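[1] quick one, fold the following:
(one chain, ligands or ions: 1)
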Amino acid sequence: MNLSNLQVQTDQRIMRITIDRPNSLNALNAKTLEELGGVLDQAASDNEVRVLIITGAGDKAFVAGADITEIKAVDENSVAPFVQRGHDTMMKIQNLGKPVIAAINGYALGGGCELALACTLRIGSENALLGLPEISLGIIPGFGGTQRLARITGIGRGLEMMLSGKPINAEKALNWGLLNQVVPQEQLLETAEQLAAQLARSAPIAMRAILNAVHQGVDLPLEDGLAIEKDAFVEICGTEDMREGTSAFLEKRKASFKGR
Ligand code: COA
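    The predicted structure follows:
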C-alpha cells in the first residue's frame, strides 16, 4: 500500500501507525482518513497483528483535528460523505476486534480527540491537551465526539468540553477517565509499546470477545448485554486457548496462546 500521510510499522505482532502530516499538526484530511481505513482493513485481516498503536508525528501534536481547509470548502449539500467517512473510520477502530492504543503526544483536538475516543485505551504525554473546539469554528464535532465523549466522561463533563470548546490538560483528562495513563513525553512510546507487548501475549479470541461484548452491550438493557456475554463465554469455552490458559495456571507455567 502506497501511503503518503501515514507511517506504518509492524513488529512483534504490534502495528504502529503514525499520522504523519506535521506541517498541519497531523490534521486528518480525506486522504489521511482513506489511508487509515485501508491500513485498518489490513490490520483486521492479518492474524499476526494483535495490537495497534496510533500516534502523531513530531512532539507537538497527536492530531489537531479534521483538516479545517477541507471543512471550509464544504456546505450542507456536500458535507455528508465527509462526516460518513469519519464515522466509518472511527467505527473500524472500535470494531476491529483488537485493542488499539492511542499514544497522545500533544494536541488531540476535534477529530484528533475523536480518533482517540474511538481507540480502546489512551495514554497521554504530560503535555497532552484534549478537546472538542468545534464550537469555536461554528460547527459541532462530526467524527463521533458528540456520542463517544459523554459515554466516557459522563454527560456533564462531556457537555462542558463541547460547549466551552476549551481543551483539558492531561491531568484533568486522567481524572475524568479520558486518559488511562499519563507519562512524560519521552516515555510515551515506550510505555505504549510495553502495554501493547503485554496485550499481544494475551489470548486474542478472548480479547476480541471482551471488546465485542462491551461495545455491543453498553447501550443495551443489562439482560440483553448479559445474553451477549453468555453466548461469547460459551463460544470461548470451545477454544484451544481456553484449554491452554486453564491448564497453564494449574501447571504453574506461563500460557502460550495460539489464537485458536
Ligand atoms: N486543520 C488544518 N490545518 C491545521 C489544523 C487543522 N485542524 N491545525 C493546525 N493546522 C495548521 C495551521 O494552520 C498551521 O499551518 P501554517 O503553518 O501553514 O500556518 C500549522 O498547522 C501549525 O499550526 P499553528 O496554529 O501555527 O500552531 P500553534 O502552535 O500556534 O497552535 C493549535 C496549535 C493546535 C492550538 C492550533 O493549530 C489550532 O487551534 N488548530 C485547530 C484546532 C481545531 O480547531 N481543531 C478542530 C478542527 S474541526
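
[2] which SSE is immediately downstream of the helix or strand encompassing Thr18?
    In this structure, Thr18 is located in strand 14-19 according to DSSP states H and E. Moving toward the C-terminus from strand 14-19, the next helix or strand (DSSP H and E) is helix 30-45.

[3] does the ligand sit close to the strand holding Thr18?
    No. Judged by CB under 6 Å from any ligand atom, strand 14-19 stays clear of the ligand, getting no closer than 11.9 Å. Heads up, the C-betas are built off the backbone N, CA and C, glycines and all.

[4] also stretch 113-130?
    No. Under the criterion of CB under 6 Å from any ligand atom, the ligand is not reached by stretch 113-130; the shortest gap measures 7.9 Å.

[5] residues near Cys36, how many?
    Not Cys; residue 36 is Leu. 24 (other CB atoms under 10 Å).

[6] ok, the strand holding Thr18: who's next to it in the sheet?
    Sheet pairing of strand 14-19 (DSSP bridges) gives strand 6-11 (antiparallel), strand 51-56 (parallel).

[7] average model confidence for the first one?
    For strand 6-11, the mean per-residue pLDDT is 97.

[8] quick check: angle from that strand to helix 30-45?
    20 degrees (axes from the mean of the first three to the mean of the last three CA atoms, to 10 degrees).

[9] CA atoms of strand 6-11 as PDB?
    Output in PDB follows, covering the C-alpha atoms of strand 6-11 (Å, rounded to 0.1, in the frame of the first residue of the first chain):
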ATOM      1  CA  LEU A   6       0.900   7.600   7.400                       C
ATOM      2  CA  GLN A   7       3.900   5.700   8.600                       C
ATOM      3  CA  VAL A   8       3.100   2.100   9.400                       C
ATOM      4  CA  GLN A   9       5.500  -0.400  11.100                       C
ATOM      5  CA  THR A  10       4.600  -3.900  12.200                       C
ATOM      6  CA  ASP A  11       6.900  -5.700  14.600                       C
END
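
[10] tell me which residues are up against it.
    15-20, 32, 35-36, 39, 46, 48-49, 57 (CB atoms under 8 Å, 6 or more residues apart in numbering).

[11] I'd like the distance between Val83 and Ala116.
    18 Å (CB to CB, to the nearest Å).

[12] do the same with Ala27
    Relative to Ala116, and taking CB to CB, Ala27 is found at 14 Å.

[13] is the ligand within reach of stretch 30-47?
    No. Figure legend: stretch 30-47 not in contact with the ligand (CB under 6 Å from any ligand atom); closest approach 10.9 Å.

[14] contact partners for the closest residue to Lys60 other than its chain neighbours?
    Closest residue to Lys60 apart from its sequence neighbours, by CB to CB, 6 or more residues apart in numbering: Gly106 at 4.7 Å. Residues counted as contacts of Gly106 (CB under 8 Å, 6+ apart) are 56, 58-62, 125, 127-129, 185.

[15] and the pLDDT at Gly106?
    97.

[16] the protein: strands as residue ranges?
    Remark: strands assigned in the chain by DSSP state E are 6-11, 14-19, 51-56, 61-63, 100-104, 107-109, 121-125, 129-131, 168-169, 181-183.

[17] closest to Lys252 out of those strands?
    strand 51-56 (26.6 Å; CB to CB).

[18] residues touching stretch 59-74, excluding its own?
    With contacts defined as CB under 8 Å, 6+ apart, stretch 59-74 is touched by 19, 22, 24-30, 32, 55-56, 82, 86, 102-112, 115-116, 128, 133, 137, 139, 142-143, 185.
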